[in-house]
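# Sequence plus the predicted model coming up.
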Amino acid sequence: APPGFATEGRFDNTKYANFIEKRLGRLGMTEKDLREVVHESLCLNKIIQIVGGGLIAPRQAAQDLLEAQMQSVSISRVIFNRDDFVEKENPSEDEIKAYWDTHQDAYKTEEQRRINYILLNLPPATQVNSAPVVLPENANDEQKQAHADAEKARLAAEAQVKAELAEKRTKAARGIQKEIDQISQEIYDSEEEKRPLDFAAILTKRNHELQKTGLFTRSNVPKELSSLALRGNFNRGKTIADFIFGHSASSQDRYDLVSDALPVGEHGWIIFTLEEVIEPSLQDYIAARAKARAQLVAENGSKKVKEAAKAALDATRKSIESGKSFDDALAEQNLKALPLGPFSINDRDTQSKDPSFRLLHQKASGLNPGKLSETIDENDRSLFFKLLSREIKDTEESKQRIESVINNSKNQMMMITFLNWLHQQYDLADVKGLAVEDQ
């Protein structure tokens, strides 16, 4: 029975009757409609089982895959930190200059822009917090009652003041909205009348002062602008800088350089005009040298840490092949291994010891104990490891999980087979139409 109509796995007529009486009508259906839907669903499920029900996932393959995920592994890692190699880098002046010469396009000045703007906003809300009435020590019942009455009156008066201030603030916010709408309308009217844009005159007419900035970059927006938070779902994750530096400067029409009214803060609005744009330009060697050197050092460090890990792995393998132990092979190279485990792929405690534990588990799950991994290159390090052990506990839970994986695989294969068969029937019947072509 469907879960909604069942109690302890058995059909419950009361639940079914309640659904028919109280909920089915809201769906625009009758009981006859419901029975037809159920009938069609049962027929569809039967067809799916007939077409694809004979397939089953190979048990051993499913078991091997799950055991690889469930096993616990113990490894011994040899880690090379990228920062150790970066610190040793000291490129010559000729090397830095040669690097800059082949990467000049990467070293440009930041784009600069200058704007004029009008910002209408409300000051921070006034905080209303009256001091509680002090209750004397060892107060008698009469004093306690008087204190309670005084506190009640104080809180009521405080609430009234807060409500009045909130109402005034709401009214002021509506006033800001009307004013910014009027300024936008004035700009629109000026454009419609084909007059040259005079943003300052429009603001002066409405008793507002035009605010001006100097040139600034995206990373150095004036504090009075960068501190403004945009509000509204449409602007979520965006900043004022995104609008200023995203505004097209290609048009010669001054009206195209005016922004929309942007909502900022709790109740504020801002409109800006783009006044000047200085495009990025290539930096000469002297200006770009520090960045070029840092990039060269970083690239060399990343390259050398990978090479060092690969060379150490090759040397370790040769030593082991000659009969030496893993530890002795490392000692010859003045290297030391760090143990980790046993741990599983979902072992949260191991995460604090090595953030890449999932990747290490994945690599270890395909090795035999005693074998070495290939080198693993990450952003901040390169490493390899020896697999010490891997095992899986033979528990009832693991058996049930294997059965679950096999059943899920069977259902997926059955559905895929049915869909392929259905598409084939469409092709054989030469059915045409968007609904078929989009499948």
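Yep, it's here.
# all contacts plus neighbour counts: C-alpha atoms, from now on.
Will do.
# Would you point out which residue is most central in the protein?
residue 237 (11.2 Å; C-alpha atoms, centre = their mean).
# and it, which of the three is it?
In three-state terms, and counting by DSSP: H, G, I helix; E, B strand; the rest coil, residue 237 is coil.
# Now do the same contact list for it.
Residue 237 makes no contacts at all, as judged by C-alpha atoms under 8 Å, 6 or more residues apart in numbering.
# Next, give phi and psi for it.
For residue 237, the backbone dihedrals (degrees, to the nearest 10) come out as phi 90, psi 0.
# Kindly report the same for residue 86.
As for residue 86, its main-chain torsions (degrees, to the nearest 10) stand at phi -60, psi -40.
# Look at it and say how many residues are nearby.
Residue 86: 20 surrounding residues under other C-alpha atoms under 10 Å.
# quick one, strands of the stretch 1-150 of the chain?
6-7, 10-11, 72-81, 112-120 (DSSP state E, counting those that start in this stretch).
# Output the below-cut-off pLDDT ranges for this structure.
Counting by pLDDT under 70, the chain has low-confidence residues at 1-4, 52-69, 393-403, 405-406, 433-439.
# what's the longest helix in it?
Using DSSP state H to define each element, the chain has its longest helix at helix 141-192.
# which helices and strands does it pack with?
Here helix 141-192 touches helix 199-205, strand 268-278, going by 3 or more C-alpha pairs under 8 Å, 6 or more residues apart in numbering; DSSP states H and E.
# can those go into a markdown table with extra columns for distance to residue 72 and mean neighbour count?
Below are the helices and strands packed on helix 141-192 laid out as a markdown table (distance: least, C-alpha to C-alpha, whole Å; neighbours: other C-alpha atoms under 10 Å):
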| stretch | distance to residue 72 | mean neighbour count |
| --- | --- | --- |
| helix 199-205 | 70 | 15 |
| strand 268-278 | 57 | 19 |
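# about what we covered before: using a markdown table, lay out the strands of the stretch 1-150 of the chain together with mean neighbour count and distance to residue 138.
Formatted as a markdown table, the strands of the stretch 1-150 of the chain follow (neighbours: other C-alpha atoms under 10 Å; distance: least, C-alpha to C-alpha, whole Å):
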| stretch | mean neighbour count | distance to residue 138 |
| --- | --- | --- |
| strand 6-7 | 14 | 62 |
| strand 10-11 | 13 | 67 |
| strand 72-81 | 21 | 67 |
| strand 112-120 | 20 | 54 |
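# Output these as JSON lines; include the columns distance to residue 267.
Listed next are the strands of the stretch 1-150 of the chain as JSON lines, based on distance: least, C-alpha to C-alpha, whole Å:
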{"stretch": "strand 6-7", "distance to residue 267": "53"}
{"stretch": "strand 10-11", "distance to residue 267": "57"}
{"stretch": "strand 72-81", "distance to residue 267": "50"}
{"stretch": "strand 112-120", "distance to residue 267": "9"}
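# closest one to residue 373 among the ones you listed?
Nearest to residue 373, of all the strands of the stretch 1-150 of the chain, is strand 72-81, at 9.6 Å by C-alpha to C-alpha.
# Can you list the strands that the closest one pairs with?
Within its sheet, strand 72-81 is paired with strand 338-343 (antiparallel), strand 381-391 (antiparallel), according to DSSP bridges.
# Highest mean neighbour count out of those strands?
Of all the strands paired with strand 72-81, strand 381-391 has the most neighbours on average by mean count of other C-alpha atoms under 10 Å, namely a mean of 21.
# next SSE after it?
Next helix or strand after strand 381-391 toward the C-terminus (DSSP states H and E): helix 396-429.
# tell me what that next one is packed against?
When contacts are defined as 3+ C-alpha pairs under 8 Å, 6+ apart, helix 396-429 sits against helix 31-52, helix 59-70.
# got the angle between the longest one and helix 396-429?
Which is helix 31-52. If you take axes from the mean of the first three to the mean of the last three C-alpha atoms, to 10 degrees, helix 31-52 sits at 100 degrees to helix 396-429.
# now for helix 31-52, which elements pack on it?
Short answer (3+ C-alpha pairs under 8 Å, 6+ apart): helix 31-52 packs on helix 396-429.
# Distance from the helix it packs on to the middle of the chain?
33 Å (C-alpha atoms, centre = their mean, to the nearest Å).
# one step back: residue 177: which of the strands paired with strand 72-81 is closest?
When these are compared (using C-alpha to C-alpha), the closest one is strand 381-391, at 54.6 Å.
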